[in-house]
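K.L.:
model this:
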Amino acid sequence: MPRYEYKVVPAPTKGLKGKGIRGSEARFSYAIQELMNGLSGYGWEYQRAETLPSIERSGLTGSTTEWRNVLVFRRLRDGDVDAFQPELLPAPEAPEGTDPEADTPNDPLPDNGVEDVQSDSRIGSSLSILAHARSLTGKADPTPAETDEDDTPKP
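P.N.:
Okay, here's the model as predicted:
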C-alpha cells in the first residue's frame, strides 16, 4: 500500500496579474493555477480545497473564529519502495508445433531490405556511400578520363 506525505497551503486571497488576463475572477483563477502548477513541478498532486476554522486571539482576553481556505496536496513518500515494485510479466508462449525445450540453432537475421555498405578506407566513407547510391540508381561509376588526379569525379 503506497504511503503519502501531505502539504497544506493557504489558498490565494487575491488574484495575480498576467498577460491577457482581465477581471478579478480570471486573475483569481490564474493565481490558483500558478500555485497548483508550481507545486506539481515538485511532484505534489492536488487533492482538494478545505475551509477550516482557526481560533485566533482578539484583544487581551477574547478569541474569535476565522475560517481559512486551504489547498491539500499529496505525493508519494521518498523511499517508499512498495510503490515502485516492478510488475512481473508472464513468460512468452512458444508458437504451436515447436518444442520449447529443444535447442534451436541461431537463425540468421531476416532480410530487412537495407544493404550493408562496406566503407573503403582509400576514398573515405562519403565517397563509398556515393558510389553505392550510384549503383542503386543505375548510373555507372565515372571513367578515369572523367576524374581529376586525386580520384574525385569532375562536375
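
K.L.:
Model confidence score at Leu35, please.
P.N.:
Note for Leu35: predicted pLDDT of 94.

K.L.:
whoops, I mixed them up, Thr104
P.N.:
Predicted confidence (pLDDT) for Thr104: 56.

K.L.:
now swap in the one 10 residues further on and tell me
P.N.:
As summarised for this prediction, Val114 has a pLDDT of 64.

K.L.:
Same check on Thr13?
P.N.:
Looking at Thr13, its pLDDT is 89.

K.L.:
What about it? Give its phi and psi, please.
P.N.:
Dihedral pair for Thr13: phi -100, psi -20, per degrees, to the nearest 10.

K.L.:
Ok, the one 3 residues further on next?
P.N.:
Reported as degrees, to the nearest 10, the phi and psi values for Leu16 are phi -110, psi 140.

K.L.:
any idea where the strands of the protein begin and end?
P.N.:
For the chain, the strands defined by DSSP state E occupy 4-10, 45-58, 62-76.

K.L.:
tell me the mean pLDDT over the shortest one?
P.N.:
Right, strand 4-10. What strand 4-10 shows for mean pLDDT is 93.

K.L.:
Paired strands for that strand, with orientation please.
P.N.:
Using DSSP bridges, the strands paired with strand 4-10 are strand 62-76 (antiparallel).

K.L.:
Run through the helices of this structure in chain order.
P.N.:
For the chain, applying DSSP state H gives helices covering 24-40, 125-137.

K.L.:
Let me have these in CSV, adding distance to Arg75 and mean neighbour count as columns.
P.N.:
The C-beta positions use only the backbone N, C-alpha and C, and glycine is treated the same way. Output for the helices of the chain, formatted as CSV (distance: least, Cβ to Cβ, whole Å; neighbours: other Cβ atoms under 10 Å):
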stretch, distance to Arg75, mean neighbour count
helix 24-40, 9, 14
helix 125-137, 51, 12
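
K.L.:
By mean pLDDT, show me the worst of those.
P.N.:
Ranked by mean pLDDT, these end with helix 125-137 at the bottom, a mean of 68.

K.L.:
Distance to Tyr30 and mean neighbour count for the strands of the chain - can I get that in CSV?
P.N.:
Listed next are the strands of the chain as CSV, based on distance: least, Cβ to Cβ, whole Å; neighbours: other Cβ under 10 Å:
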stretch, distance to Tyr30, mean neighbour count
strand 4-10, 16, 12
strand 45-58, 16, 11
strand 62-76, 15, 13
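
K.L.:
Many thanks, have a good one.
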